[in-house]
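Turn this into a model:
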Amino acid sequence: MSTIRLARAAIHNASIERGRGLTDPEVEEIIGREIKRRREAIEAYAKGGREDLAQKESLELAILSEYLPPPLTEAEVRALVDEAVVQTAAKGPADVGRVMRVLMPKVGSRADGAMVQRLVRAALGAGT
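The predicted model follows:
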């Protein structure tokens, strides 16, 4: 129950901050941020030897994940990257930013930004 309350509070605060109701993609983005916070907390607690707190964060992560569409697979992201490269007529490493600007709204919170960037860099021959 507390996990849902925290997520609803984050959504409510974002709505107040923007002065309007939020769209579904905006709500998904907020839930995605909350999930990212949980993942970071799990890592920190595990490194600190606090398995009890890491377990609590893992349970919260599982609850929040239920409210998002399923994550994109690496193959699905790769297909979107190829599409964005063609759409932007990107030719090389200097075009990474342009491709990312087109790609991220399509991907949203359904894929890790670092993975997306890695795939874009690989597609444009920019290395890792």
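
Buried residues, whichever strand or helix holds residue 105. List them.
Using DSSP states H and E, residue 105 sits in helix 96-107. Neighbour counts over helix 96-107 (16 or more other C-beta atoms under 10 Å) mark 96, 98, 99, 100, 102, 103, 104, 107 as buried. For glycine as for every other residue, the C-beta is placed from the backbone atoms N, C-alpha and C.

Tell me how far residue 85 lies from residue 39.
Distance, residue 85 to residue 39, by C-beta to C-beta, to the nearest Å: 29 Å.

Name the residue in these two with the higher neighbour count.
residue 85 (19 against 13; other C-beta atoms under 10 Å).

Can I get the strand or helix carrying that one in CSV, CA atoms only?
For residue 85, the host element (DSSP H and E) is helix 74-88. The C-alpha coordinates for helix 74-88 follow below in CSV (Å, rounded to 0.1, in the frame of the first residue of the first chain):
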residue,chain,number,x,y,z
GLU,A,74,17.0,-5.5,-27.2
ALA,A,75,15.9,-6.7,-30.7
GLU,A,76,12.9,-4.4,-30.6
VAL,A,77,15.1,-1.5,-29.6
ARG,A,78,17.5,-2.3,-32.3
ALA,A,79,14.7,-2.3,-34.9
LEU,A,80,13.6,1.2,-33.6
VAL,A,81,17.2,2.4,-33.8
ASP,A,82,17.5,1.3,-37.4
GLU,A,83,14.2,3.0,-38.2
ALA,A,84,15.4,6.3,-36.5
VAL,A,85,18.7,6.2,-38.3
VAL,A,86,16.9,6.0,-41.7
GLN,A,87,14.4,8.6,-40.6
THR,A,88,17.1,11.1,-39.6
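
Let's test this: mean pLDDT of that helix, rounded?
Averaged across helix 74-88, pLDDT comes to 93.

I appreciate the help and will end here.
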